[in-house]
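Undergrad: sequence and predicted structure below; questions after.
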Amino acid sequence: MPAKAKRTKRAKKAKSMKKPARKVALKQAKRSAGRKTAKKPGKKTAMKTAEKVVAKKSFARKAVKKSKDAESAVKVANTPSGGQASKAPAAKTAWRISPEISRSVLKIDTWKKGDLKIEYLKVYRTGWIVVDQRPDLAEYNPEEGIDIFEEFEFDEHELYDGSEETSIPPNELPDEERQRLLALSEAQLAEEGWTLESVTRFRGPLVVEQVG
């Protein structure tokens, strides 16, 4: 047999052997690619997994919130305002004092300068003061009355309908000087060296009423 013919047959055999090898390689490559693709989770699987994780987190948050709410409820129950046994603040007691007889409130302004003095008297129809404690009036003299600003401590008071303002000038001065002094204002008297002492008195029987 010629040499060329032999070479041709060998080449054909080599080609026929190479084709199946390529097919086998392609099949193996497809299988390996399929395996890699199968390992990766699909979109639906990933979404389900994410939903499960979110559900677990929300459940954990709810559990923590419930425990915090329970703790705050226990704290509120233990506080004085949250307990049923808490007591309301005691009401403040106050007493109002006023003259029983009308026109028994006197305001006396006394101006003094050395041995001299000028008195101005003003009478009110009525008035009252409010004190925190019931006063002890066992030694009260209705005829003499009581100086309310000296004997009591109070924040509220009221005087109504002042009238009959009169003056008692010093008798030691001449009439002209008396008239001049009575015509002066309080500021003018103070400029001339006169000092003022003011007294407000309740006279006669007193009425004591609880108002708080």
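TA: Happy to help now that I have it. If you're wondering where the values come from, they're calculated on a predicted model, not measured in any experiment.
Undergrad: helices along this structure, start to end?
TA: 3-39, 43-78, 148-151, 175-183, 186-191 (DSSP state H).
Undergrad: tell me how far Asp175 lies from Glu156.
TA: Distance of Asp175 to Glu156, given as CB to CB, to the nearest Å: 44 Å. Using the backbone N, CA and C atoms, a C-beta is placed for each residue, glycine as well.
Undergrad: so those two - more neighbours on which side?
TA: Ranked by neighbour count (other CB atoms under 10 Å), Asp175 and Glu156 place Glu156 first, with 11 against 8.
Undergrad: who's the residue nearest to the more buried one when sequence neighbours are not counted bridged to?
TA: Excluding the flanking residues, the one nearest Glu156 by CB to CB, 6 or more residues apart in numbering is Val130, at 4.3 Å. The partner list for Val130 in beta bridges (DSSP bridges) reads Arg96, Glu156.
Undergrad: give me the number of residues near Val130?
TA: Neighbours around Val130, by other CB under 10 Å: 18.
Undergrad: tell me which residues of stretch 148-161 come out buried.
TA: Buried residues in stretch 148-161, defined by neighbour count with 16 or more other CB atoms under 10 Å: Ile148, Phe152, Phe154, His157, Leu159.
Undergrad: contact partners for the residue nearest to Glu156?
TA: Counting by CB atoms under 8 Å, 6 or more residues apart in numbering, Val130 makes contact with Ala94, Trp95, Arg96, Ile97, Phe154, Asp155, Glu156, His157, Val211.
Undergrad: if we use 7 Å, what do you get?
TA: Val130 is in contact with Ala94, Arg96, Phe154, Glu156, Val211, counting by CB atoms under 7 Å, 6 or more residues apart in numbering.
Undergrad: now render those as CSV, adding pLDDT.
TA: Output for those, formatted as CSV (pLDDT from 0 to 100):
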residue, pLDDT
Ala94, 92
Arg96, 95
Phe154, 90
Glu156, 92
Val211, 89
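Undergrad: how close does Leu137 get to Glu150?
TA: Counting by CB to CB, the gap from Leu137 to Glu150 is 15 Å.
Undergrad: again with Pro174
TA: Relative to Glu150, Pro174 is positioned 35 Å away (CB to CB).
Undergrad: quick one: Ile158 and Thr126 touch, right?
TA: Not Ile; residue 158 is Glu. No. Applying CB atoms under 7 Å as the test, Glu158 and Thr126 come out as separate, 8.9 Å apart.
Undergrad: low pLDDT regions in the chain?
TA: The model of the chain has pLDDT under 70 over residues 1-91.
Undergrad: try 90
TA: Of all residues in the chain, those with pLDDT under 90 make up the ranges 1-93, 115, 155, 162-173, 178, 182, 211-212.
Undergrad: would you map out the domains in the chain?
TA: Using automatic domain parsing, the domain ranges for the chain come out as 28-78, 95-210.
Undergrad: how long is the longest one end to end?
TA: This means domain 95-210. With CA to CA, to the nearest Å as the measure, the ends of domain 95-210 fall 4 Å from one another.
Undergrad: which residues touch stretch 149-161?
TA: With contacts defined as CB under 7 Å, 6+ apart, stretch 149-161 is touched by Val105, Tyr124, Arg125, Thr126, Gly127, Trp128, Ile129, Val130, Val131, Pro135, Thr200.
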